[in-house]
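> Attaching a predicted model along with its sequence, questions to come.
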Amino acid sequence: MKNERSPIIMWFRRDLRLSDHPALSAAAETGRPVIPVFILDQGVQTLGAAPKWRLGLGLEAFSRALEQVGSRLILRQGYALTVLQELIAETGAKGVFWSRAYDPDAIARDTKIKAALNDQGVEAKSFSGHLLFEPWTVATKTGQPFRVFTPMWRAVRNRNVPVPNDAVSHFGSPMTWPVSEDLERWNLGAQMRRGASVVAPHVRPGETAAFEALHHFLDRISDYSDQRDRLNVDGTSNLSEYLNLGEIGPRSVWHAVQRAGMTGVQGGEPFLRQLVWREFAYHLMYHTPSLLSSNWKPDWDSFPWNTDPERPEVIAWKQAKTGVPGVDAGLRQMYVTGRMHNRARMIVASYLTKHLMTHWKIGMDWFADCLIDWDPAANAMGWQWVAGSGPDASPFFRIFNPQTQQEKFDPQSDYVRQWIAEGQSIPPATALAYFDAVPKSWNLSPQDPYPQPIVALVAGRARALAAYEGRKNQ
């Protein structure tokens, strides 16, 4: 056969790993040379500052992992179809494999590429790998997409999840490697500016680090249900950034938790439920792609949100200077570590969309610029869920009170003290790091007095309730 020794281009995207990788396993099993490729296309170029920087770290770690199995990562930039066609011409490749993406832009791109390559006589194949269940395989009894999480959880909780592929330890190399661009010259961290050096100590990229985080979590998973909402406790899995870049596969996580349960370790099901919550976000995005840009519930289009991102209250929120400790602490944690505790995310988002009556898209876009674990589906669904325009069965009265949330989930104010320096005689390094991470143009200092609340919590809640009541009456 003429294709018997022709190379396969393995196009990596959000799947920077060697294990639990159906596309890579399929390419390796052919026995043909495999050319790993990453393309800096328009979708990557438009990433926010923090996720783009974190991607650069992930690519660096993945490149080293490939070298350890005798391969290498080829970097190219440009229009994805053009780059692939150039590589096909250079290498004589007769196949291009990749893991599926589910956002509308990626689907449109990949569909066009698959058709164009097939027309050229090049085998173009896409594989699962980013999710536990492909979105089109999960449906209600009437065959419709799920719109509420709990019924979806019940539908999939006992479904078979394929056992992860073993890590690919060897695959053939081409006779001649195509030229690769220089990752350092891509300068993916340029927009992070001085913040990169502050966040860097809190990041351990790569597949090995991902599995270490998983194993560390399994040691304490029995406490997950009780501690996952505690702001002052390391009670979550810390796997979000790894799942986002595909440095660990969701099937690996699912089966590791299931195995722990078989040995008598308790607490697995509440975590698996949260893993399916991630699936729910992708399920919604796939079936209603407008989730990323407009109200999931169209009847919220007339809601009187502020849409000005430069409004003083919004600027104070972005600068973590709202005068509400539970809100400011969450935002400052994000600026210093690139991540934010999930409970804090809900508090921060509720305050912006309800107490400040600001459109969820402003917060969603800000998170997309600042979070190293930014995920398009989870970010959009999370903001809409909190704002009330998304898949929440009871949005009208769900207005988080930041003060009572802090009293419940940070009762000794440990979390607040960890991240807010003002007013402390000897602030911890974490709190001081915030002032090194944020733009100098903000002109902030730990010697500044902590601000008074920009909106009284009672008044903000009353204003939001009045607006929601008005929308309901309309």
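Noted; the coordinates are in hand. Being a predicted model, the structure only gives us computed values, none of them experimental.
> And the helices in the stretch 351-474 of the chain?
Under the criterion DSSP state H, counting those that start in this stretch, helices of the stretch 351-474 of the chain are mapped to 360-370, 376-387, 402-409, 414-419, 429-437, 457-473.
> again with the stretch 151-300 of the chain
Remark: helices assigned in the stretch 151-300 of the chain by DSSP H, counting those that start in this stretch are 183-186, 195-199, 207-218, 224-227, 240-244, 250-262, 268-287.
> Mean pLDDT and distance to Ala23 for those helices - can I get that in TSV?
C-beta: built from backbone N, CA, C; applies to glycine. Output for those, formatted as TSV (pLDDT from 0 to 100; distance: least, Cβ to Cβ, whole Å):
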stretch	mean pLDDT	distance to Ala23
helix 183-186	98	22
helix 195-199	97	30
helix 207-218	97	15
helix 224-227	93	31
helix 240-244	97	17
helix 250-262	94	13
helix 268-287	96	18
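> I'd like the average pLDDT over stretch 25-37.
Mean per-residue pLDDT for stretch 25-37: 97.
> what comes up buried for that stretch?
For stretch 25-37, the neighbour count (16 or more other Cβ atoms under 10 Å) marks 25-28, 30, 32-37 as buried.
> Please name the residues that touch His212.
Wrong residue type there; residue 212 is Glu, not His. Residues in contact with Glu212, defined by Cβ atoms under 8 Å, 6 or more residues apart in numbering, are Arg204.
> tell me the centre residue of the chain?
Compute the mean C-alpha point of the chain, and by Cα atoms, centre = their mean the closest residue is Asp375, 2.6 Å away.
> ok, so what distance separates that residue from Gly390?
Here the criterion is Cβ to Cβ, to the nearest Å. By it, Asp375 lies 15 Å from Gly390.
> Kindly report the same for His341.
On the measure of Cβ to Cβ, His341 and Gly390 end up 20 Å apart.
> next one: Ser290
Ser290 sits at a distance of 11 Å from Gly390 (criterion: Cβ to Cβ).
> The two: who's more crowded?
Gly390 (21 against 12; other Cβ atoms under 10 Å).
> Would you confirm that the more buried one contacts Met381?
Yes - assessed by Cβ atoms under 8 Å, Gly390 is found in contact with Met381 at 5.9 Å.
> Next, show the common contact partners of these two.
Leu291.
> Mind naming the longest strand for this protein?
The single longest strand within the chain, with elements called by DSSP state E, is strand 34-40.
> Give the partner strands of it in its sheet and their orientations.
Strand pairing for strand 34-40, determined by DSSP bridges: strand 8-12 (parallel), strand 74-77 (parallel).
> What is the subsequent helix or strand relative to the shortest one?
Sequence order places helix 80-91 as the next helix or strand after strand 74-77, per DSSP states H and E.
> how big is the angle separating that following helix from strand 34-40?
150 degrees (axes from the mean of the first three to the mean of the last three Cα atoms, to 10 degrees).
> For this protein, which residues score under the pLDDT cut-off?
1-3, 393-397, 472-474 (pLDDT under 70).
> and for Ser290 and Gly390, which residues touch both?
Trp296.
> Name the nearest residue to Asp132, sequence neighbours excluded.
One correction, residue 132 is Leu, not Asp. Pro250 (5.0 Å; Cβ to Cβ, 6 or more residues apart in numbering).
> again but with Pro451, I slipped
Nearest non-adjacent residue to Pro451 (Cβ to Cβ, 6+ apart): Gly323, at 4.2 Å.
> Then Gln384?
Closest residue to Gln384 apart from its sequence neighbours, by Cβ to Cβ, 6+ apart: Gly390 at 2.8 Å.
> Could I get the contacting residues of the one you found?
With contact taken as Cβ under 8 Å, 6+ apart, Gly390 is in contact with 291, 296-297, 381, 383-384.
> Relative to Ala456, how far out is Met357?
Note on Met357: its distance to Ala456, by Cβ to Cβ, is 14 Å.
> For the residue nearest to the centre of the chain, which residues are in contact?
240, 243-244, 278, 281.
> quick one, which of Met357 and Ala456 is more surrounded?
Met357 (18 against 14).
> correct me, but the more buried one touches Ala464?
Yes - between Met357 and Ala464 there is a contact under Cβ under 8 Å: 6.4 Å.
> What is the burial count for Glu60?
15.
> Skip the chain neighbours and tell me the closest residue to it.
Leu183 (6.2 Å).
> what number of residues lie near that neighbour?
Neighbours of Leu183 (other Cβ under 10 Å): 17.
> Could you do Ala155 as well?
Ala155: 16 surrounding residues under other Cβ under 10 Å.
> who are the neighbours in contact with the nearest residue to Tyr434 once chain neighbours are set aside?
Leaving aside its chain neighbours, Tyr434 sits nearest to Arg332 (4.4 Å; criterion: Cβ to Cβ, 6+ apart). Applying Cβ under 8 Å, 6+ apart to Arg332 gives the contacts 320, 419-420, 431, 434.
> Would you confirm that Arg332 belongs to a strand?
No - per DSSP: H, G, I helix; E, B strand; the rest coil, Arg332 lies outside any strand segment and is helix.
> From Val257, how far off is it?
For Arg332, the distance to Val257 equals 31 Å [Cβ to Cβ].
> ok, now His341?
Distance from His341 to Val257, by Cβ to Cβ: 21 Å.
> And Trp305, by the same measure?
Distance from Trp305 to Val257, counting by Cβ to Cβ: 39 Å.
> Same check on Leu87?
39 Å.
> Please report phi then psi for Val96.
phi -130, psi 120 (degrees, to the nearest 10).
> OK, contacts around the residue nearest to it when sequence neighbours are not counted?
The shortest distance from Val96 to any non-neighbouring residue, by Cβ to Cβ, 6+ apart, is to Ile9 (4.6 Å). Neighbour list for Ile9: 35, 37, 84, 87-88, 91, 93, 95-97 [criterion: Cβ under 8 Å, 6+ apart].
> partners of Ile9 in the sheet?
Beta bridges link Ile9 to Ile35, Val96 when assigned by DSSP bridges.
> how close does it sit to Arg345?
38 Å.
> With Gly172 instead?
44 Å.
> Pull the contacting residues for the residue nearest to Phe303 when sequence neighbours are not counted.
Distances taken as Cβ to Cβ, 6+ apart put Arg471 closest to Phe303, at 5.4 Å, once the chain neighbours are dropped. With contact set as Cβ under 8 Å, 6+ apart, Arg471 has these partners: 299-300, 302-303.
> rerun at 10 Å
By Cβ atoms under 10 Å, 6 or more residues apart in numbering, the contact set of Arg471 is 299-300, 302-304, 388, 396.
> And the contacts of Gly390, which is closest to Arg147?
Closest approach to Arg147 among those (Cβ to Cβ): Trp296, at 9.0 Å.
> Would you mind measuring from that closest one to Val386?
Taken as Cβ to Cβ, the span from Trp296 to Val386 is 12 Å.
> okay, and the common contacts of these two?
Asp392.
> Between those two, tell me which one has more neighbours.
Shown here are Trp296 and Val386; by other Cβ under 10 Å, Val386 has more neighbours (26 against 21).
> so the more buried one touches Val348, yeah?
Yes - under the criterion of Cβ atoms under 10 Å, Val386 makes contact with Val348 at 9.0 Å.
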